[in-house]
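Participant: with the input below, show me the fold.
(2 chains)
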There are 2 protein chains.
Amino acid sequence: MTPEMIESAEARLSGIVRETPLLTSPFIDEIAGRRVHVKAECLQHTGSFKFRGGWSAVSALDAGVRSRGVIAFSSGNHAQGVALAAARHGVPAVIIMPADAPRIKIDNTRALGAEVVLYDRATENRDQIGDRISSERGLTLIRPYDDPHVIAGQATVGLEIARQFQGGPTEVLVCCGGGGLTSGIALGLEMRAPALRVRPVEPEGFDDVARSLATGTRQSNERLAGSVCDAILTPSPGELTFPILQRLSGPGLTVTDDECLRAVALAAQRLRIVLEPGGAAALAAAIFQPDNIEGEDVIVVATGGNVDGELFSSALMK
Amino acid sequence: MTPEMIESAEARLSGIVRETPLLTSPFIDEIAGRRVHVKAECLQHTGSFKFRGGWSAVSALDAGVRSRGVIAFSSGNHAQGVALAAARHGVPAVIIMPADAPRIKIDNTRALGAEVVLYDRATENRDQIGDRISSERGLTLIRPYDDPHVIAGQATVGLEIARQFQGGPTEVLVCCGGGGLTSGIALGLEMRAPALRVRPVEPEGFDDVARSLATGTRQSNERLAGSVCDAILTPSPGELTFPILQRLSGPGLTVTDDECLRAVALAAQRLRIVLEPGGAAALAAAIFQPDNIEGEDVIVVATGGNVDGELFSSALMK
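Facilitator: Predicted structure coming up:
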């Protein structure tokens, strides 16, 4: 990973991805006890930051290789990001999704023109399925986070924050699964706003990145399901992402499902944005764990907004 | 109203109001049968475009006059816009609101530091109450739409659309109450994007502007309550706004409450923004009345997102 790779991704994404706004609310500031700046990536195309990495990776492929198509495995947001990037490049996409992924994510991925292959989280290994199909059809696998071009695409969130936020040393809380976004933002901020420092936020029971940072070695989660934060349940930090986080990230934070659902409700009421629970984890940490954060300001990345209507409605009633 | 007044408002609002994004969704485009560009003013400070007009009017006052305070009457969005503008200028604000306004709007207005005076829509005249209190206390009345500085502030939505939208002749649908926003956008577009033409969108039974444009004289509504679109129920087009609309606006469109609620649900699911029913009227027209619109593209202004949780949840289940 070099600054040149990130600048190249920035150029490829220019005019394609949306520059998402940095939102604030005096009501949220009051609860959090500091000024909270919310990077609303739920407003990105496909409803999450994943379109950045998807576009970056698909657009970086050699045209001949790309024309044979791409494949991705994802609980839904990376799926949609890759599906749209492939569709706009006019190439086929196969997406391998867990059968228990939110309905809206499966439907959207199909509607974006991808071929969706469902698998059972408990009994099947998505990596093996992905490898088999990609070798059979000559598809290129676009990994959700352990891919330099994907990380470089996600880094553009950091470049935008560097442009949009005016202030001194500040923590940047990021909803974290495999660490592609968190490490990408860390690299982007190192280039353009080195006073800002990322901190990963994970659901309770799925805090592999926090434990890995604390122990200095890559730790795994015992489970891969059992939280409403489906978007950020991953087995362990990536091989590429972990060294970047070790070098640039602050300690991890952990939030409960209930805190995430209450953050979803506050984001709707106070910022007028729709978040999925996993996309509200960083906001939940800022609002409900003020003592674990430093500084007069905090930046949180609201990573996605693909939530089923029923779950969203139940969160609103919290 | 001169272009110079609008340019002056633009300068006073610069760095204060948010430039809101122009959002799109391939799913909404497919239902609407054309590309729909949604100007998301629900992401504006206080959750609606009204902060623009409020700031414009309060900032235009002579400092001595302003220091005595301001007063406004509003069902809630103008209330919050003026309250925040006054608070940031450090001057008192009295806001006269109907007692049946959405709870969230009353609560927010108070939380923004304003003194709220409630009145009964059916039996009391808000103009008379406003005049009495303002003369008693030396407050300056900030009218919701029939004020040149308010119209100039709302015109900045048109200036932003002119910058953000690349394309030929296109209709710009605007949720319309007294016509302050619609006439302001019309003036802004006349200055910077004359190929774009506004069209007001009103709730069924409250189509005073559409009927006024059709007949050439200012018409009134029979009722002032009875639609979920509380933000845009006004007695008749303004004295200042109507001549502007006569000169620059296309014919009005009318939508049902049910169409607005279904547009609220689609905006949440497909654009990840929270709209109130009255703020979704223009989007509803674009989605459900494609035959009444011309062109390959349409721009809709999503004017506000201050909706009570229960109503919002019920819309999501549509």
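Participant: near chain B, which residues of the stretch 151-300 of chain A? Just list them.
Facilitator: A:265, A:268-269, A:271-275 (Cβ under 8 Å from any Cβ of the partner chain). C-beta here means a position set from N, CA and C on the backbone, and glycine is covered the same way.
Participant: could you redo the last one with a cut-off of 7 Å?
Facilitator: With Cβ under 7 Å from any Cβ of the partner chain as the criterion, the stretch 151-300 of chain A meets chain B at residues A:268-269, A:272-274.
Participant: just flag the most distant two among these.
Facilitator: The distance between the two most remote of these (Cβ to Cβ) is 11.4 Å, for A:269 and A:274.
Participant: tell me which of the two has more neighbours.
Facilitator: Higher neighbour count among residue A:269 and residue A:274: residue A:274, with 29 against 22, using other Cβ atoms under 10 Å in any protein chain shown.
Participant: that one and residue B:267 touch, don't they?
Facilitator: No - in this structure residue A:274 lies outside contact range of residue B:267 using Cβ atoms under 7 Å: 8.7 Å.
Participant: so for residue A:21, what's the nearest residue that isn't a sequence neighbour?
Facilitator: residue A:40 (5.6 Å; Cβ to Cβ, 6 or more residues apart in numbering or on different chains).
Participant: before we move on, back to that, now for residue A:274 and residue B:267: what residues contact both?
Facilitator: residue B:273 (Cβ atoms under 7 Å, 6 or more residues apart in numbering or on different chains).
Participant: could you export the longest helix seen in chain A as CSV, CA atoms only?
Facilitator: For chain A, the longest helix by residue count, based on DSSP state H, is helix A:148-164. Extracted C-alpha coordinates of helix A:148-164, given in CSV (Å, rounded to 0.1, in the frame of the first residue of the first chain):
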residue,chain,number,x,y,z
PRO,A,148,-5.0,-3.3,-1.8
HIS,A,149,-7.3,-1.7,-4.3
VAL,A,150,-10.3,-2.1,-2.1
ILE,A,151,-8.4,-0.6,0.8
ALA,A,152,-7.3,2.3,-1.5
GLY,A,153,-10.9,2.9,-2.5
GLN,A,154,-12.1,3.0,1.2
ALA,A,155,-9.2,5.4,1.9
THR,A,156,-11.1,8.1,-0.1
VAL,A,157,-13.4,8.4,2.9
GLY,A,158,-10.4,9.5,4.9
LEU,A,159,-9.3,12.0,2.1
GLU,A,160,-12.8,13.5,2.2
ILE,A,161,-12.8,13.8,6.0
ALA,A,162,-9.4,15.5,5.8
ARG,A,163,-11.0,18.1,3.5
GLN,A,164,-14.3,18.5,5.4
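Participant: list the buried residues in the least confident helix or strand in chain A by mean pLDDT.
Facilitator: Here the helix or strand of chain A ranked lowest by mean pLDDT, DSSP states H and E is helix A:126-137, holding a mean of 87. For helix A:126-137, burial by neighbour count (16 or more other Cβ atoms under 10 Å in any protein chain shown) applies to A:126, A:130, A:133-134.
Participant: elements contacting that helix?
Facilitator: strand A:70-73, strand A:93-98, strand A:115-119, strand A:140-141 (3 or more Cβ pairs under 7 Å, 6 or more residues apart in numbering or on different chains; DSSP states H and E).
Participant: between the second one and helix A:126-137, how big is the angle?
Facilitator: Compare the direction of strand A:93-98 with that of helix A:126-137 by axes from the mean of the first three to the mean of the last three Cα atoms, to 10 degrees and you get 160 degrees.
Participant: which is the next helix or strand following strand A:93-98?
Facilitator: For strand A:93-98, the following helix or strand on the C-terminal side (DSSP states H and E) is helix A:103-111.
Participant: what average pLDDT does that next one get?
Facilitator: For helix A:103-111, mean pLDDT is 91.
Participant: can you give me the angle the least confident helix or strand of chain A makes with strand A:115-119?
Facilitator: Using the same axes, to 10 degrees: helix A:126-137 against strand A:115-119 is 140 degrees.
Participant: need the contact partners of helix A:126-137.
Facilitator: A:69, A:71, A:73, A:94, A:96, A:117, A:119, A:139-141.
Participant: of the buried residues of helix A:126-137, closest to residue A:284?
Facilitator: residue A:126 (27.2 Å).
Participant: so how far is residue B:282 from that closest one?
Facilitator: Distance, residue A:126 to residue B:282, by Cβ to Cβ, to the nearest Å: 43 Å.
Participant: residues contacting the residue of the stretch 1-150 of chain A found nearest chain B?
Facilitator: Residue nearest to chain B within the stretch 1-150 of chain A: residue A:42 (4.3 Å; Cβ to the nearest Cβ). By Cβ under 7 Å, 6+ apart, residue A:42 lies in contact with A:48, A:273-275, A:279, A:302, A:304-305, B:272.
Participant: leaving out chain neighbours, which residue sits closest to residue A:228?
Facilitator: Nearest residue to residue A:228 in three dimensions, chain neighbours excluded: residue A:277, at 4.1 Å (Cβ to Cβ, 6+ apart).
Participant: check that neighbour and give its pLDDT.
Facilitator: At residue A:277, the pLDDT value in this model is 97.
Participant: let me see the domain layout of chain A.
Facilitator: According to automatic domain parsing, chain A comprises the domains A:3-49+A:147-316, A:50-141.
Participant: would you reformat those as JSON lines and include distance to residue B:105?
Facilitator: Shown next, in JSON lines, are these (distance: least, Cβ to Cβ, whole Å):
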{"stretch": "domain A:3-49+A:147-316", "distance to residue B:105": "12"}
{"stretch": "domain A:50-141", "distance to residue B:105": "30"}
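Participant: check those domains for me: which has the lowest mean pLDDT.
Facilitator: Among the domains of chain A, domain A:50-141 scores lowest, with a mean of 93.
Participant: show me what residue of the stretch 151-300 of chain A gets nearest to chain B.
Facilitator: Counting by Cβ to the nearest Cβ, the stretch 151-300 of chain A gets nearest to chain B through residue A:272 (3.5 Å).
Participant: next, give phi and psi for that residue.
Facilitator: phi 60, psi 40 (degrees, to the nearest 10).
Participant: burial check on it, number of neighbours?
Facilitator: 30.
Participant: also the one 5 residues further on?
Facilitator: Neighbour count of residue A:277, defined by other Cβ under 10 Å: 29.
Participant: residue A:241 too?
Facilitator: 30.
Participant: next up, the contacts around the residue nearest to it when sequence neighbours are not counted.
Facilitator: Nearest non-adjacent residue to residue A:241, counting by Cβ to Cβ, 6+ apart: residue A:179, 3.4 Å away. Residue A:179 is in contact with A:145, A:200, A:209, A:237-238, A:241-242, A:245, counting by Cβ under 7 Å, 6+ apart.
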